[in-house]
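>>> pasting the sequence and the predicted model now:
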Amino acid sequence: MSLALAFPNLDPVIVSFGPVAIRWYALAYVIGLVLGWRYIRYLAKGAVPGLNQRAADDFLVWCTLGVILGGRLGYVIFYQPGYFIDHPGQIPVIWQGGMSFHGGMLGVIAALLLFARLRKLNVLSVADAAACAVPIGLFFGRIANFINGELYGRASDVSWAMVFPSGGPAPRHPSQLYEAFGEGLLLFIVLTVLVFVFRASRRPGVLTGVFLIGYGLSRIVVELFREPDAFLGFIFGGISMGQILSLPMILFGLYLVLRTRPWRPLPQSAGG
């Protein structure tokens, strides 16, 4: 019989005031957006050209709307369209969970394109700054998933497996923590090194491409340990919806990186 780590069974509700409750899930979104905004303001000081701090302040509102609207609509369309067709009144009930990263990403892309066009900013430069900050939100979001005991992994006998309250008696991979590390902490470190050591922001699109590749690869790998959604299961064979949606991200990320030809030196200025 294998041993399992004790799951830190925390209440998903941090504090409540009558009918109003503050949840870890909502707090993770707030922290991720605020820290991401502060980091973009820092990058706008010169680390990422083509963006200023005032634009970074205004972009926060656009980004927030893109994350929330895109994330919810993505979940509705990609994961449970039949349920929400029958229960349309449940679509805006986001405080009960049900957000899609891929949908949120599409929402942010739409907000970014419109914002950059209205402000006459370089789209790829704005995207690069946003890409550097997104792993911050992903990290806190996955930690919130772990606290909620949702999106847990497949049954396993590894020594660090946990018995999740809603996952039955079998010990399972804490796949939320795998995702917090891969698509959150590790990807943030990689992008930070590219910005401040290799000056990758001088080639607009490279950072966005690396983010798309890094997230897509991390998600595809972690999905091998994550229990598929009960209402969806595997799409075909052992392939999950998360893996299918991640593949176009990787392909487009490769296009963005390769189109900049980062192995070629930047042209020298006239002043030498």
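Ah, there it is. Since the model is a prediction, treat every value here as computed from it, not as a measurement.

>>> distance of the residue lying closest to Leu106 once chain neighbours are set aside relative to Ala155?
Excluding the flanking residues, the one nearest Leu106 by Cβ to Cβ, 6 or more residues apart in numbering is Gly70, at 5.1 Å. Placement of C-beta: from N, CA and C, glycine included. Computed with Cβ to Cβ, to the nearest Å, the distance linking Gly70 and Ala155 is 32 Å.

>>> neighbour-wise, which of those two wins?
Gly70 (23 against 14; other Cβ atoms under 10 Å).

>>> all helices for the stretch 51-200 of the chain, in order.
Applying DSSP state H, counting those that start in this stretch to the stretch 51-200 of the chain gives helices spanning 53-78, 81-86, 101-119, 123-148, 175-179, 187-196.

>>> buried residues in the worst-scoring helix or strand of the chain on mean pLDDT?
Every helix and strand in the chain was compared by mean pLDDT, DSSP states H and E; the lowest is strand 20-23, with a mean of 78. Neighbour counts over strand 20-23 (16 or more other Cβ atoms under 10 Å) mark Arg23 as buried.

>>> which helices and strands sit right next to it?
Counting contacts by 3 or more Cβ pairs under 8 Å, 6 or more residues apart in numbering; DSSP states H and E, strand 20-23 packs against strand 13-17.

>>> the strand it packs on: partners in the sheet, and parallel or antiparallel?
Applying DSSP bridges, strand 13-17 is found paired with strand 20-23 (antiparallel).

>>> low-confidence stretches in the stretch 101-250 of the chain?
Low-confidence segments of the stretch 101-250 of the chain, defined by pLDDT under 70: 231.
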